[in-house]
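Peer 1: Okay, sequence plus prediction incoming.
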Amino acid sequence: MATLSTTDPIRKILAAALLVFPGVFMLVFIMHFRHFADFFTFRWQYVPRDPARVVPALIALHNNYPLIHDPHMIGYLAMPFLSLSAFALYVLGRGARPVASAITLMITVSGTIYMGGVFGMWTAFYRGLGLVDPANQAGAIATFTAMTTPQGAFLVTTSLAKLVMLGLAAQAFVLLRTGVVPTWSIVSVALGASLFLAFWDLDNWMMIGASLILAGFIPMRKALIQETESPHAGSPGS
């Protein structure tokens, strides 16, 4: 068997998405660290920042920074690359396991929609607070606390967003024993997605998870842009 680089532009776009999605997510998590040492502060459970400190700081800023500098906005804009990455894994697995590939693709894409909602919510919260009159600071703190309490619609959205990582892990496992990609890359993607699920909202753990996903995606990208050609295959017209 011989391999040839494909000229299909769709495959090249999907292959690029496999690098862009985890790369952008790593940038998003890096932007959450105020100091380099913050990366090494590992916690086992997420503890929300005190609204009494967050809200006054955002009000004082008055949105005096470009919207694209908000890490939540960057993550929000990266959602299409996550969907494209999911489709890339589907393309790799559909030949050997079409039904499983389709089902896991739908799980990941569904999670992407809710993940976009999470990033959209936080972007709206932060930019909205920048428009608040300082005289209304007490009310803004109470409102922000109520809106970000993990219950109701907020809890539903954040919980459903986790489907994206569940789906990515499942898509990776679909490729097991297909010979398409090495086993270590499948394990790397699944482990990275698992870190997201286990340590949701903990930026250093999720950054490690994104790094593992990126490492696992590299061989998958290579497999995606290569086509297998049998040395005994006839010409297209035979």
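Peer 2: Here it is on my side, so go on. Please read these numbers as outputs of a predicted model, since none were measured by experiment.
Peer 1: Might you report the residue contacts of T178?
Peer 2: Residues near T178 by Cβ atoms under 8 Å, 6 or more residues apart in numbering: 93, 95-97. (Each C-beta comes from the backbone N, C-alpha and C, glycine too.)
Peer 1: Kindly apply the preceding question to F33 instead.
Peer 2: 39, 203-204.
Peer 1: pLDDT of the top helix by length along the chain, averaged?
Peer 2: Assignment by DSSP state H gives helix 98-129 as the longest helix of the chain. Taken as a whole, helix 98-129 has a mean pLDDT of 93.
Peer 1: Show me what the next helix-or-strand element following it is packed against.
Peer 2: Once helix 98-129 ends, the next helix or strand along the chain (criterion: DSSP states H and E) is helix 137-147. Contact here means 3 or more Cβ pairs under 8 Å, 6 or more residues apart in numbering; DSSP states H and E; on that basis helix 137-147 packs against helix 51-61, helix 98-129.
Peer 1: Does V132 touch L61 like I think?
Peer 2: No - counting by Cβ atoms under 8 Å, L61 is not a contact partner of V132; they are 10.8 Å apart.
Peer 1: can you give me the strands for this protein?
Peer 2: Using DSSP state E, the strands of the chain run over 2-5, 226-229.
Peer 1: Going by mean pLDDT, which of the ones you listed comes out lowest?
Peer 2: strand 2-5 (a mean of 50).
Peer 1: Just checking the distance from stretch 31-44 to the centre of its chain.
Peer 2: 19 Å (Cα atoms, centre = their mean, to the nearest Å).
Peer 1: measure that stretch end to end?
Peer 2: 21 Å (Cα to Cα, to the nearest Å).
Peer 1: and what of stretch 74-85?
Peer 2: Using Cα to Cα, the end-to-end distance of stretch 74-85 comes to 17 Å.
Peer 1: Name the nearest residue to P182, ignoring sequence neighbours.
Peer 2: P219 (5.6 Å; Cβ to Cβ, 6 or more residues apart in numbering).
Peer 1: which of V132 and L61 has more neighbours?
Peer 2: Set V132 next to L61 and count neighbours by other Cβ atoms under 10 Å: V132 wins out with 19 against 12.
Peer 1: for that one, what are its contacts?
Peer 2: Contacts of V132 (Cβ under 8 Å, 6+ apart): 59, 140.
Peer 1: swap the cut-off to 10 Å and go again
Peer 2: Contact partners of V132, counting by Cβ atoms under 10 Å, 6 or more residues apart in numbering, are 55-56, 58-59, 62, 139-141, 143-144.
Peer 1: Check L84 too.
Peer 2: L84 sits in contact with 10, 13-18, 20-21, 112, where contact means Cβ under 10 Å, 6+ apart.
Peer 1: Neighbours of A172, how many?
Peer 2: Neighbours around A172, by other Cβ under 10 Å: 27.
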